[in-house]
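Undergrad: I would like the atomic coordinates for the input below:
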Amino acid sequence: MTTVGSRAEFAQLQERLLGGLRGTVLEIGAGRGRTLAAYPREVRWLGLEPDPRRRAELTRIAARHGRHEPVLAGVAERIPLPDASVDAVVGRTVLCSVADQAAVLAEVRRVLRPGGSYVFFEHVAAPAGSLLRRVQELLAPLSRRVSHGCDPARETWRSLEDAGFSHLDLRWYAAVRWDLDARYIGGTARR
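TA: All right, here's what the predicted structure looks like:
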């Protein structure tokens, strides 16, 4: 586990990777649409959101950004799209809250066209044995109940490494201030 950047650099990575996407992009767990402004205008954006209230809000927010495709209802473990139907999948703080990371990553690979990219930005467990990691582990049961299933102590990088992507570019980032999201990973994986 090597930290290569600050929280500000993590935000810059998000802007650069999202701004470089082309074609049809599926954003899983799109939530409140925080990434919508970062996509190029020519991208065909599809959102997937399991929460009905967030889905309705996301539909309105997406329309304000010129995105008029219906937001898909469903969970990332069962993406309601055909095989090889999108050029990129984006996930921003999604893998911390899903029931089965391996199933989600298998679905991501399934819906990506050959050569397509999974672009991810995730907060992850602090280093094993650290005080912050112990705090994350203690708070995980409460966090899962009140924060849409979020488990702050997940070693998400391991799931990405095991998912069978042809190429994985994963970078580490650290928060500047003390909080439960003290460690982040960001990058791309290719089908």
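Undergrad: what sits up against the strand ranked longest in the chain?
TA: Ranked by number of residues, the top strand in the chain under DSSP state E is strand 112-124. Outside of strand 112-124, the residues within contact range by C-beta atoms under 8 Å, 6 or more residues apart in numbering are 10, 13-14, 17-18, 21, 84-96, 105, 108-109, 152, 154-157, 160, 165, 180-181, 183-191. C-beta here means a position set from N, CA and C on the backbone, and glycine is covered the same way.
Undergrad: now, of those residues, which are buried?
TA: Using 16 or more other C-beta atoms under 10 Å as the burial test, the contacts of strand 112-124 include 10, 13-14, 17-18, 21, 86-96, 105, 108-109, 152, 154, 156-157, 160, 165, 180-181, 183-189, 191 as buried.
Undergrad: please flag which of the residues you listed sit within helices.
TA: 10, 13-14, 17-18, 105, 108-109, 156-157, 160 (DSSP state H).
Undergrad: so how far is the longest helix that the chain contains off the chain centroid?
TA: Criterion DSSP H: the longest helix present in the chain is helix 131-146. Offset of helix 131-146 from its chain centre (C-alpha atoms, centre = their mean, to the nearest Å): 20 Å.
Undergrad: that one to strand 112-124, inter-axis angle?
TA: Interaxial angle, helix 131-146 versus strand 112-124 (axes from the mean of the first three to the mean of the last three C-alpha atoms, to 10 degrees): 110 degrees.
Undergrad: buried residues, helix 131-146. List them.
TA: Neighbour-count burial for helix 131-146, counted by 16+ other C-beta under 10 Å, picks out 132-133, 135-136, 140, 143.
Undergrad: for those, give me a markdown table that also has pLDDT.
TA: Putting the buried residues of helix 131-146 into a markdown table (pLDDT from 0 to 100) gives the following:
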| residue | pLDDT |
| --- | --- |
| 132 | 81 |
| 133 | 83 |
| 135 | 84 |
| 136 | 82 |
| 140 | 83 |
| 143 | 78 |
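Undergrad: of these, which is the nearest to residue 33?
TA: residue 143 (22.6 Å; C-beta to C-beta).
Undergrad: the closest one reaches residue 152, doesn't it?
TA: Yes. Between residue 143 and residue 152 there is a contact under C-beta atoms under 8 Å: 5.6 Å.
Undergrad: surely residue 129 is in a helix?
TA: No. With DSSP: H, G, I helix; E, B strand; the rest coil as the criterion, residue 129 is located in coil rather than a helix.
Undergrad: could you check the pLDDT of it?
TA: The confidence metric pLDDT takes the value 87 at residue 129.
Undergrad: how far away is it from residue 151?
TA: Per C-beta to C-beta, to the nearest Å, residue 129 is found 18 Å from residue 151.
Undergrad: between the two, which one's more packed in?
TA: residue 151 (19 against 7; other C-beta atoms under 10 Å).
Undergrad: ok, for that one, nearest residue in space, not its chain neighbours?
TA: Using C-beta to C-beta, 6 or more residues apart in numbering and skipping residues adjacent in sequence, the residue nearest residue 151 is residue 140, 5.0 Å away.
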